[in-house]
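1. any chance you can model this:
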Amino acid sequence: MTNDPRALFVRALDQTQQLVDTTGPDDLDRQTPCDEYDVRTLLGHLLTVAARIDLALNGGDPLTVPVVTTGVDDVPAAWKERRVALDATLADDSILGRICKLPWGTFPGAAAIAAYTGELATHAWDLATATGRRDQLDEELAAQVLPMVRQYVPAEQRGGHIPFGPVVPVAADAPPYDQLAGWQGRRP
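-> Next up, the predicted model:
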C-alpha cells in the first residue's frame, strides 16, 4: 500500500455502490453474515459508513451519526448523495495528514481512509453473500485490503470497540475475499 490510500478506497466505494445500486426490494429481508443485520439494515449501515468517513475527514465526530441510518426510501439515491460529498472531501490532499476522530481512536486521515476501506470491502462481501452475488466482488481489492486489515484489526480481544467476531480459520490458499471474511469473523 502506498501512503495515499484513496485509490483503493475509491475502488471499495465503487464496488459497494455497484452492489447497493443492484440490490432489489426482494433482497431486503435476507439475512446477512452479520447476525444482527438483514440486507435492509446493512444498507442503512453502509449509508452510515459513508457519512461517518466524510464527517471524520472533515473534523467532525462520526459517533454523532447512528450506527444504522433508517427511514430512507431510496438507498441508492441516498448513497449517491453521500458519495458526491465524500468524493469532494477526498479531492483535498490535506485530508491525508488531518487528524480524524474515529469510533475506535484518533488517526491521521490516511489511516482513517485505510480503515474504512477494510470496512467497506468487508460489508461488500456481506451484501454480496446475502444476495448471492459473490462473483461480482473484486478479489484483487480484497488481496490489497487483507494485509491492512490483518495489521490493524487484532486477532485477539475482539468485541467492544473491535466489532468483529473471533477469526475464522481459512485455508492459506483460499481466495482473498474468503481470507478477508474469515479474518473479520465471518464464515466464508
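2. packing partners for the helix or strand hosting residue 9?
-> Using DSSP states H and E, residue 9 sits in helix 6-21. With contacts taken as 3 or more C-beta pairs under 8 Å, 6 or more residues apart in numbering; DSSP states H and E, helix 6-21 sits against helix 39-57, helix 75-90, helix 109-130, helix 139-152. In this view, the C-beta of every residue, glycine as well, is placed from N, C-alpha and C.
3. output the ones you listed as TSV; include the columns mean neighbour count, mean pLDDT and distance to residue 21.
-> TSV is the format used below for the helices and strands packed on helix 6-21 (neighbours: other C-beta atoms under 10 Å; pLDDT from 0 to 100; distance: least, C-beta to C-beta, whole Å):
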stretch	mean neighbour count	mean pLDDT	distance to residue 21
helix 39-57	23	96	11
helix 75-90	16	97	5
helix 109-130	24	95	11
helix 139-152	17	93	17
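4. okay, the ones you listed in a markdown table with distance to residue 171 next?
-> Output for those, formatted as a markdown table (distance: least, C-beta to C-beta, whole Å):
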| stretch | distance to residue 171 |
| --- | --- |
| helix 39-57 | 26 |
| helix 75-90 | 34 |
| helix 109-130 | 17 |
| helix 139-152 | 14 |
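5. quick one: the residue most central in space within the chain and residue 49, what's the gap?
-> Against the mean C-alpha coordinate of the chain, by C-alpha atoms, centre = their mean, the closest residue is residue 120 at 1.7 Å. To residue 49, residue 120 is 6 Å away according to C-beta to C-beta, to the nearest Å.
6. next one: residue 145
-> 14 Å.
7. what of residue 75?
-> Separation of residue 75 from residue 49 (C-beta to C-beta): 13 Å.
8. how about exporting stretch 50-66 as PDB, limited to the C-alpha atoms?
-> Output of stretch 50-66 as PDB, limited to C-alpha atoms (Å, rounded to 0.1, in the frame of the first residue of the first chain):
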ATOM      1  CA  ALA A  50     -20.300   6.900   4.000                       C
ATOM      2  CA  ALA A  51     -21.500   9.700   6.300                       C
ATOM      3  CA  ARG A  52     -19.100   8.800   9.100                       C
ATOM      4  CA  ILE A  53     -15.900   8.800   7.000                       C
ATOM      5  CA  ASP A  54     -16.900  12.100   5.400                       C
ATOM      6  CA  LEU A  55     -17.600  13.700   8.800                       C
ATOM      7  CA  ALA A  56     -14.400  12.300  10.300                       C
ATOM      8  CA  LEU A  57     -12.300  13.500   7.400                       C
ATOM      9  CA  ASN A  58     -13.800  17.000   7.800                       C
ATOM     10  CA  GLY A  59     -13.000  17.200  11.600                       C
ATOM     11  CA  GLY A  60     -16.400  16.000  12.900                       C
ATOM     12  CA  ASP A  61     -17.300  13.300  15.400                       C
ATOM     13  CA  PRO A  62     -18.500  10.200  13.500                       C
ATOM     14  CA  LEU A  63     -20.300   8.900  16.600                       C
ATOM     15  CA  THR A  64     -22.900  11.600  16.100                       C
ATOM     16  CA  VAL A  65     -24.200   9.500  13.100                       C
ATOM     17  CA  PRO A  66     -26.200   6.500  14.200                       C
END
